[in-house]
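**Student:** only geometry, no sequence info:
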């Protein structure tokens with residue numbers, strides 16, 4: 001049976017505003033024009049971090065791959081990332097337990113931790129220079145009630161075999177100089193430059209024969225075990241499978257009700273004096289709404305972000321940038337009074353998130369041979385790695401029951417109750 005999908009176009013300006021600090025001194029991939037129609041095993045639509053990780057993994061599996069992007073790869077949603085490669089996800093383990101039960105929730109958290117470890121191994125194996133640094137995370141309580149909730153969260157994590165320990169106010173203040181009621185200190189996360197990582201992964205894929213095509217895919221036609229990608233020129237690309245990796249730009253899909261788009265804002269300060277930064281350069285995030293998320297760079301800048309809301313119109317999102325940056329600066333100063341909050345870079349981006357904090361990865365219902373990877377929330381790079389691994393396994397004929405945890409058409413028995421609450425209150429990205 002034939003099926004069609006018409007794709008909407010979205011420019012980088014619709015996804016990102018301002019100017020981030022990523023990709024300095026990096027070598028951008030070189031496009032090839034689409035000069036004739038051709039066939040390939042896999043066509044990946046989108047050359048950001050998701051498409052790059054998929055291209056690297058799928059070429060390693062021996063597939064012929066073409067990456068198609070209408071603009072410079074990585075300069076869309078990837079460029080807006082703060083690249084905090086965390087295994088802790090937008091929903092706490094306690095929340096996921098409420099939604100799906102303990103065993104399923106614990107399995108999801110363990111897989112997220114395995115993804116960060118897998119990324120670290122991949123980067124080390126290829127010697128990728130992208131500012132990758134292992135980091136602990138400090139999840140800070142916002143008040144006394146938050147401290148109690150963090151203690152319960154840590155107990156659940158211990159039961160799940162997840163690393164970390166609970167810090168009460170005296171230890172948190174004396175050891176780390178943060179004046180908060182409590183925190184969970186967890187190892188196993190990392191940080192990187194997302195553009196340098198993306199471009200390096202694409203170069204690895206190209207060294208194995210992958211191609212980067214400069215074109216706009218306007219529609220997909222699935223029939224007879226093949227998928228034809230129609231473009232804005234006279235040529236088409238015929239593939240056995242297509243992977244939609246267009247960041248947070250919706251490609252004409254009817255997205256599940258648990259998905260929505262939001263915007264987040266971020267800044268990078270001037271370089272700090274090393275002695276004025278907090279201990280161990282830990283990545284920081286809060287349990288408040290909207291919350292603050294903070295990391296450092298290898299040249300001692302502070303990156304801070306947050307103030308998420310449901311703005312999706314690009315002009316309105318960009319118009320809010322000065323006010324949002326002011327609010328982030330004030331929060332950063334309260335959290336770490338030693339910070340020099342002079343701003344050298346400020347940016348914002350539109351993102352996709354889900355009610356349960358989990359990505360949407362897998363086959364597109366009703367479109368044979370088409371796979372999608374969306375709805376990453378605050379774990380963009382971590383879940384992008386997961387997407388590449390999952391889709392690679394699916395294309396190799398492997399299936400695991402836990403793949404259903406991330407399916408585009410998942411609908412757990414408790415989904416309706418918490419999706420309604422999420423629609424009212426919202427969840428922020430990090």
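**Tutor:** Ah, there it is. No experiment lies behind these values; they were computed from the predicted model shown. Numbering: from 1, shown residues only.
**Student:** and residue 301, what does it touch?
**Tutor:** Residue 301 makes contact with 21, 268, 269, 270, 271, 272, 344, according to C-beta atoms under 8 Å, 6 or more residues apart in numbering. For glycine as for every other residue, the C-beta is placed from the backbone atoms N, C-alpha and C.
**Student:** Find the nearest non-adjacent residue to the fourth one, please.
**Tutor:** Yep, that's residue 270 we're talking about. Closest residue in space to residue 270, ignoring its immediate chain neighbours: residue 342 at 4.7 Å, by C-beta to C-beta, 6 or more residues apart in numbering.
**Student:** what about the one you found, how many residues close to it?
**Tutor:** By other C-beta atoms under 10 Å, 9 other residues sit near residue 342.
**Student:** next one: phi and psi at it?
**Tutor:** Main-chain dihedrals, residue 342, degrees, to the nearest 10: phi -60, psi 130.
**Student:** My guess is it contacts residue 268. True?
**Tutor:** No: if you go by C-beta atoms under 8 Å, residue 342 and residue 268 don't touch, sitting 10.4 Å apart.
**Student:** can I see the domain layout of this structure?
**Tutor:** Split into domains by automatic domain parsing, the chain comes to 3-81+195-257+357-425, 128-189+258-353.
**Student:** highest average neighbour count across those?
**Tutor:** Comparing the domains of the chain by mean neighbour count (mean count of other C-beta atoms under 10 Å), domain 3-81+195-257+357-425 ranks first with a mean of 20.
**Student:** and that domain, average pLDDT?
**Tutor:** The pLDDT scores in domain 3-81+195-257+357-425 average 86.
**Student:** phi, psi of residue 83?
**Tutor:** Dihedral angles (degrees, to the nearest 10) for residue 83: phi 50, psi 50.
**Student:** let me redo that: residue 304
**Tutor:** Backbone torsions of residue 304, given as degrees, to the nearest 10, read phi -130, psi 140.
**Student:** Just list the residues touching it, thanks.
**Tutor:** So residue 304 contacts 266, 267, 269, 292, 293, 294, 328, 329, 331, 332 (C-beta under 8 Å, 6+ apart).
**Student:** what's the spacing between it and residue 268?
**Tutor:** Distance, residue 304 to residue 268, by C-beta to C-beta, to the nearest Å: 8 Å.
**Student:** which parts of stretch 114-133 are buried?
**Tutor:** By neighbour count with 16 or more other C-beta atoms under 10 Å, stretch 114-133 contains the buried residues 114-116, 118-120, 122-123, 128, 130-133.
**Student:** any idea how far the most centrally placed residue in the chain lies from residue 192?
**Tutor:** Residue closest to the average C-alpha location in the chain (C-alpha atoms, centre = their mean): residue 380, at 0.6 Å. Going from residue 380 to residue 192 by C-beta to C-beta gives 11 Å.
**Student:** which residue ranges form the helices in this protein?
**Tutor:** 12-15, 49-60, 77-80, 93-100, 102-126, 144-159, 169-176, 194-207, 314-319, 321-335, 380-395, 415-425 (DSSP state H).
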